[in-house]
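[1] Sequence and computational prediction follow.
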Amino acid sequence: MAAAGAGHEIACHTFSHLDCGAADEGAIRADIARNEQALAEWGAPRTTTFAYPYGDVSLAAKTVVNRRFGVSRALHHGLIRTGTDLNQAPAIGIEGPAGGVYGQRWLEYAVHTKAWVIFYTHDVVEDPSPVGCTPRVFRELVDRARSRHCDIVTVAEGAQRVGAAEG
């Protein structure tokens, strides 16, 4: 898989975009297994992180996901510091017309407080979907992070740096 070979992290999700906030443990476990099987068939390496579809989380979902993954990204906003629940890690979407400005603000807050921030988007193209961003917005955020001497790492590496166990 070219993306993984280029250093990009391939995270797990549910195959059918199952709402983990409403599903039972068995359904969540089965849908994650189906997603992992599909990724393996495409040549992706074994995943170590997870992203909750829709950001929805339940006790059942956290139980299943925590048994398998070292860190799981949700959709509530925030920064990661010592003691943050990495089975429901906060993340910042850099999507839509204001995504770049929003991302820059969160980056500055992370720098100021010496915290870790996870950014996410779904597509990076010139004409993005409502949950995507343009290459310019993405590049500007990366350039700002570099100019502020931030380490740019995958979610898995960031989790290792704060002491999370691999899944």
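    Noted; the coordinates are in hand.

[2] elements contacting the longest helix along the chain?
    When the chain is parsed with DSSP state H, its longest helix is helix 25-41. Packed against helix 25-41 by the contact rule (3 or more C-beta pairs under 8 Å, 6 or more residues apart in numbering; DSSP states H and E) you find helix 59-68. For the C-beta atoms, the positions are set from N, CA and C on the backbone; glycine is no exception.

[3] Would you point out which residue is most central in the chain?
    Centroid check for the chain by C-alpha atoms, centre = their mean gives residue 73 as the closest residue, at 4.8 Å.

[4] so that residue bridges to which residues?
    residue 51, residue 89 (DSSP bridges).

[5] Let me see the confidence value for it.
    Per-residue pLDDT puts residue 73 at 92.

[6] Over to the one 4 residues further on?
    You'll see residue 77 listed with a pLDDT of 92.

[7] Would you mind measuring from it to residue 118?
    In this view, residue 77 and residue 118 are 10 Å apart by C-beta to C-beta, to the nearest Å.

[8] cool, and residue 130?
    20 Å.

[9] The two - which one has more neighbours?
    Taking other C-beta atoms under 10 Å, residue 130 and residue 118 do not tie; residue 118 has more neighbours (23 against 9).

[10] The more buried one and residue 29, how far apart?
    24 Å.

[11] With residue 138 instead?
    From residue 138 to residue 29 the distance is 34 Å (C-beta to C-beta).

[12] residues near residue 51, how many?
    21.

[13] How much space separates it from residue 127?
    Distance of residue 51 to residue 127, computed by C-beta to C-beta: 24 Å.

[14] Wait, residue 79 touches residue 111, no?
    No: counting by C-beta atoms under 8 Å, residue 111 is not a contact partner of residue 79; they are 10.3 Å apart.

[15] Surely residue 95 and residue 124 touch.
    No: if you go by C-beta under 8 Å, residue 95 and residue 124 don't touch, sitting 10.0 Å apart.

[16] Got phi/psi on residue 80?
    phi -100, psi 130 (degrees, to the nearest 10).

[17] and what of residue 133?
    The phi/psi pair for residue 133 (degrees, to the nearest 10) is phi -140, psi 170.

[18] per-residue pLDDT, it?
    95.

[19] What's the local residue count around the closest residue to residue 99 other than its chain neighbours?
    Closest residue in space to residue 99, ignoring its immediate chain neighbours: residue 133 at 5.1 Å, by C-beta to C-beta, 6 or more residues apart in numbering. If you count neighbours by other C-beta under 10 Å, residue 133 ends up with 26.

[20] No more questions from me, cheers.
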